[in-house]
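Chemist: Build me a model:
(one chain, ligands or ions: 1)
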Amino acid sequence: MSRARHAAGRRIDNLAKWLLKFRIIAAPSRWIANSSLTWSVVSRMDRIRTLRLRDRIKSADEDLMPRHISMIMDGNRRFAWNQNIERDAGHAAGKERLKEVMRWVLDLRIRYLTVYALSTENIEERAGDELDTLYDLYVTGLDEICADPLIHNNRVKVQVVGRRHLLPERVREAITRAEAATSQYDDFLFTICLAYGGREEIVDAVRNIAADHASGKLSLDSIDPEAISSRLYTADLPDPDLVIRTSGEERVSNFLLWQIAYSELYFSDVHWPSFTRKDLYEAIDDYQKRRRRYGS
Ligand code: FPP
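Modeler: Below is the predicted model:
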């Protein structure tokens, strides 16, 4: 029995080798793989799967939808290396992706979106020419965002938090323009963390508390978590429900340290410029399957 099976296996193997020799399989396979028809079938199936996922997360119980999503947009440079393009083109692709993600989040009617676009450590450690590229991108990006009809139709308030004095004047001016153009809105809040560090934010809050205590405005007994939360840059935001970090790194890198005490963390292997709508939905789907414990 087993000898017969071996013989049949050998015969199939030889037939496959013979077919490959005459390119009978390789040529049509290559044609199928490269054809626009296959591509269109595959992308259509992917689109259907994405829309199904969207329906599923939207039809879940209302309190299962995260109210506040925050994102660590990592992997612009690795994306550029992988694609064999310039580092700056990677950052530019990251900016374009951010505008897309903003659309997808708005479509889900998620009220708060917060993104980490530049840390205080980035300012200290990145080369001058890379920082200049990033600063130019923030200027263009902020101007594009606040000219976007989507922002105005959905009444999205745009705000930037962080140590602004560390940023060049052209960026500070763009921030002022974006904030002024959207200050009257309050349906959605889009927060961009620039020159931001979680520890620095806590230090600033503690300094504020110390000053209020010294001036007699705040007694020792009144210093509680609420006193700290209300002095953070993000005082007007609920804590994030879900933190998404792209590019495979599993750490929080000084992002919203106080605020993410009870957040759910989700790490995606995809580099930020390649992060798709489906990746976002998968993160939310995963979040909806978790049971939040809030430390209990
Ligand atoms: C981290 O990837 C990304 C940054 C330091 C910059 C992120 C900036 C944008 C996505 C543009 C944002 C635009 C606006 C308008 C706010 P990395 O450079 O550390 O890449 P790596 O992890 O591959 O080294």
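Chemist: show me the contacts for residue 275.
Modeler: 97, 101, 246, 268 (C-beta atoms under 8 Å, 6 or more residues apart in numbering). For the C-beta atoms, the positions are set from N, CA and C on the backbone; glycine is no exception.
Chemist: quick one: which of these is nearest to the ligand?
Modeler: Nearest to the ligand out of these is residue 97 (C-beta to the nearest ligand atom; 6.8 Å).
Chemist: so that closest one touches residue 276, yeah?
Modeler: No - Residue 97 lies out of contact with residue 276 (C-beta atoms under 8 Å); the separation is 9.1 Å.
Chemist: So these two - more neighbours on which side?
Modeler: residue 97 (20 against 16; other C-beta atoms under 10 Å).
Chemist: tell me the SS of whichever residue of the stretch 51-200 of the chain sits closest to the ligand?
Modeler: Ranked by C-beta to the nearest ligand atom, the top residue of the stretch 51-200 of the chain for proximity to the ligand is residue 141, at 2.3 Å. Assigned by DSSP: H, G, I helix; E, B strand; the rest coil, the conformation of residue 141 is helix.
Chemist: can I assume it is in contact with residue 97?
Modeler: No - counting by C-beta under 8 Å, residue 141 stays clear of residue 97, with 10.9 Å between them.
Chemist: Spell out which residues of the chain are next to the ligand.
Modeler: Neighbours of the ligand within the chain, by C-beta under 6 Å from any ligand atom: 73-78, 91, 94-95, 98, 117-118, 122, 134, 137-138, 141-142, 192, 247, 272.
Chemist: make it 8 Å
Modeler: Within reach of the ligand by C-beta under 8 Å from any ligand atom, the chain has these residues: 73-81, 87, 90-91, 94-95, 97-98, 115-119, 122, 126, 130, 134, 137-138, 140-142, 144-145, 192, 194, 247, 249, 271-273.
Chemist: Could you pick out the buried ones from those residues?
Modeler: When these are checked for burial by 16 or more other C-beta atoms under 10 Å, the buried set is 73-80, 87, 90-91, 94-95, 97-98, 115-119, 122, 126, 134, 137-138, 141-142, 145, 192, 194, 247, 271-273.
Chemist: which residues of this protein fall in strands?
Modeler: 68-72, 112-116, 156-161, 188-193, 242-245, 264-267 (DSSP state E).
Chemist: Partner strands of the last one and their direction?
Modeler: Sheet partners assigned to strand 264-267 using DSSP bridges are listed as strand 242-245 (parallel).
Chemist: re earlier: among the residues of the chain next to the ligand, which are located in helices?
Modeler: 76-81, 87, 90-91, 94-95, 97-98, 122, 130, 134, 137-138, 140-142, 144-145 (DSSP state H).
Chemist: Wait, residue 188 touches residue 158, no?
Modeler: No - Residue 188 lies out of contact with residue 158 (C-beta under 8 Å); the separation is 9.5 Å.
Chemist: who has more neighbours, these two?
Modeler: residue 158 (24 against 20).
Chemist: Might one say that the more buried one is in contact with residue 145?
Modeler: Yes - contact status for residue 158 versus residue 145: in contact at 6.2 Å, counting by C-beta under 8 Å.
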